[in-house]
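Q: Structure for this input, please:
(chains A, B, C and D)
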Number of protein chains: 2
Amino acid sequence: MSSLTQLIESYINELFEEERTEDSVFLRRKDLAESFGCVPSQINYVLRSRFTPERGYLVESQRGGHGYIRILKICSSTPQDRVNHIESIVGDSLNDQEARRLLSVLQERGLVSSRERLVIEVALRFCDEVGSSVFDISPYKRNVLQAELLKRMLRGLALS
Amino acid sequence: MSSLTQLIESYINELFEEERTEDSVFLRRKDLAESFGCVPSQINYVLRSRFTPERGYLVESQRGGHGYIRILKICSSTPQDRVNHIESIVGDSLNDQEARRLLSVLQERGLVSSRERLVIEVALRFCDEVGSSVFDISPYKRNVLQAELLKRMLRGLALS
DNA sequence: ATTTGTTTGGTCAGTATTCGTCAAGAAGGA
DNA sequence: TCCTTCTTGACGAATACTGACCAAACAAAT
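A: Below you'll find the predicted structure:
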């Protein structure tokens, strides 16, 4: 039922939990792939899709002799850091799907509660609906509006 | 004379009742469609029309291998009463001042948190701003829009 | 110091699988 | 009848996974 990607993701998360002193973990791609019985590039897929800046991670690596992969968990300490982080991941334009996925990630990270997420989704839907059916503005401009609204709402939360 | 949509809606509601530990259920669109003998996109219609944020639900999904649909119920208790109450308080038109006073009351009564109130105020302000500066609609129509948006956001929360 | 080989990780494209969207038509209700 | 809601199917898009090939770091031999 659970996908290979999820299994590997969970394994890496466990590594983070064991790691009490640092907020980074080191991997060897080849070994990890071997122990999960898959090709090495599967590890890259997991990293690319699960340990992204959007989800609060950075990845470093080095090839060759004593090569490694290092995953760092980034935690913004000040409210302003959080705002900047939000701004950077929301960007200037955002369609429905992207907005929803982002909110899901933010809830997962505990940055917004489920009720807050609900209110935000209602507001975004309303914005989109009014924009399209009442004012008939272009899909692109709707996405720009959505991004702006989303950023403002999240900015408020990040500072509160 | 129950429609297919209603049958599927009921089935999903049953899943929620069985689910004692979590307030979310996982589906496979293809399987569900198959067991109801309909096309997969029928499931999307049910979700789009029945499990909306305005009704207190959030839907997440993932395509591709090991894809799924997850429905989260943000509201677990029943009271439609509160919704009706909200509707009557908000009414059909609402200026800034009235909206803020209302939110203040709701926060005092513990019906919305300070963070939720913040998000709501940001959304209302944005709505108003866009309405006036971008589309230049009349103050009265802006108030109608505001009231509508506020009702939708509160309706979702009121169910929780 | 340069070359060559070994040991790592990265990238890309292809395939299978699963969900979403859209538009058109059907069915149902006022 | 007219309008809303429902239902369908064709098409598009995202995700998971693999394997072939590329690139970088290091080490040993010349």
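Q: Next, see if stretch A:52-62 gets close to chain B.
A: No - interface with chain B: stretch A:52-62 contributes nothing (CB under 8 Å from any CB of the partner chain), its closest point being 14.7 Å away. Using the backbone N, CA and C atoms, a C-beta is placed for each residue, glycine as well.
Q: what about that stretch, how long is it end to end?
A: 18 Å (CA to CA, to the nearest Å).
Q: from the chain's centre, how far out does that stretch sit?
A: 10 Å (CA atoms, centre = their mean, to the nearest Å).
Q: which strands and helices sit next to the longest helix seen in chain A?
A: The residue-count maximum for a helix in chain A (DSSP state H) belongs to helix A:139-159. When contacts are defined as 3 or more CB pairs under 8 Å, 6 or more residues apart in numbering or on different chains; DSSP states H and E, helix A:139-159 sits against helix A:79-90, helix A:96-108, helix A:114-129, helix B:114-129.
Q: contact partners of the first one?
A: Read it as helix A:79-90. A:53-54, A:76, A:102, A:111, A:147, A:150-151, A:154-155, A:158-159 (CB atoms under 8 Å, 6 or more residues apart in numbering or on different chains).
Q: how about it: buried residues?
A: Applying a neighbour-count criterion of 16 or more other CB atoms under 10 Å in any protein chain shown, the buried positions in helix A:79-90 are A:82-83, A:85-86, A:89-90.
Q: So that helix, near DNA strand D or not?
A: No - with CB under 7 Å from any atom of the strand as the criterion, DNA strand D is not reached by helix A:79-90; the gap is at least 14.8 Å.
Q: give me every residue that touches the closest residue to A:Ser3 other than its chain neighbours.
A: Spatially, and ignoring its direct neighbours in sequence, A:Ser3 is nearest to B:His66 (3.8 Å; CB to CB, 6 or more residues apart in numbering or on different chains). By CB under 8 Å, 6+ apart, B:His66 lies in contact with A:2-3, A:5-6.
Q: part of a helix, is B:His66?
A: No - assignment of B:His66 by DSSP: H, G, I helix; E, B strand; the rest coil gives coil, placing it outside any helix.
Q: Perfect, I'm done here.
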